[in-house]
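S.K.: kindly generate the corresponding structure for this input.
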Amino acid sequence: MGKSEVIIHRLGLIDYKQAWDYQENIFKEIVDLKIKNRNEDTNILPQNHLVFCEHPNVYTLGKSGKEDHLLLDKKGLLDNDVSFYKINRGGDITYHGPGQLVVYPIFDLEQFFTDIHKYMRLLEEAVIMTLQEYGIIAQRMEGQTGVWLGVGSIQVRKICAMGVKSSRWVTMHGLGFNVNSDLRYFDHIIPCGISDKSVTSMANELGEEVDMKELSNKLLVNLANLFEFTY
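M.R.: Next up is the predicted model:
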């Protein structure tokens, strides 16, 4: 099989619900085409997509999450100018906001490999490789998804959260990578349901803001190399 081609979407700062609908439309197109291929015995390859964006302040709760991991009531959400959505990805509660790079791969994994575990590990690896380019040593942590710093120390902290949905080997949702994030918003949730670990960002670790476009380009190159796609 030759390299799959991926269409890149750079949406900038976009409302969470708008981006969710955008993803859902692409996801549905791919799934519908796969069903049509099966029913009509055709083989039209769906296109793969990779969405880069940022969101205004929002908390999202995955299917397996607990609502009491959100520490704000409705008034608290209003006072902090933050939205809240229950969504159909895996995982618990997380925060998205300006300065966080959000990446949504909408891939037909049958064009890559049919292994969700491998898919998650490659997403993590792309972030780890990208951080390394900035001199930040990051790792996976046993029993947890996402990317962590200080694993094995008392200062373990999360820099990238992940939650995905997959149906008929088509993926959506993805990762939230704390680049220049306002970390105070994590104080109002128990991030990913983990109360004894802290959260960090690249800016927090480096002591200066990171160029988001340069960062997203580096991450894109690493994703393309790991998943062996062209764009």
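S.K.: going forward, measure contacts between C-alpha atoms and count neighbours the same way
M.R.: Fine.
S.K.: skipping adjacent residues, who's closest to the spatially most central residue of the chain in space?
M.R.: Among the residues of the chain, the one closest to the centroid is residue 175, at 1.1 Å (CA atoms, centre = their mean). The shortest distance from residue 175 to any non-neighbouring residue, by CA to CA, 6 or more residues apart in numbering, is to residue 162 (4.3 Å).
S.K.: that neighbour touches residue 145, doesn't it?
M.R.: Yes: proximity of residue 162 to residue 145 meets the contact threshold set by CA atoms under 8 Å, at 6.5 Å.
S.K.: wait, a strand at the residue nearest to residue 175?
M.R.: Yes: according to DSSP: H, G, I helix; E, B strand; the rest coil, residue 162 belongs to a strand.
S.K.: okay, and the beta partners of the residue nearest to the centre of the chain?
M.R.: residue 103, residue 162 (DSSP bridges).
S.K.: and the gap between it and residue 126?
M.R.: 11 Å (CA to CA, to the nearest Å).
S.K.: again with residue 78
M.R.: From residue 78 to residue 126 the distance is 35 Å (CA to CA).
S.K.: distance of residue 208 from residue 202?
M.R.: Residue 208 is 8 Å from residue 202, by CA to CA.
S.K.: looking at those two, which has the bigger crowd around it?
M.R.: residue 202 (21 against 10; other CA atoms under 10 Å).
S.K.: list the contacts of that one.
M.R.: The contact partners of residue 202, taken as CA atoms under 8 Å, 6 or more residues apart in numbering, are 159, 178, 179, 180, 209, 210.
S.K.: which among those residues count as buried?
M.R.: 159, 178, 179, 180, 210 (16 or more other CA atoms under 10 Å).
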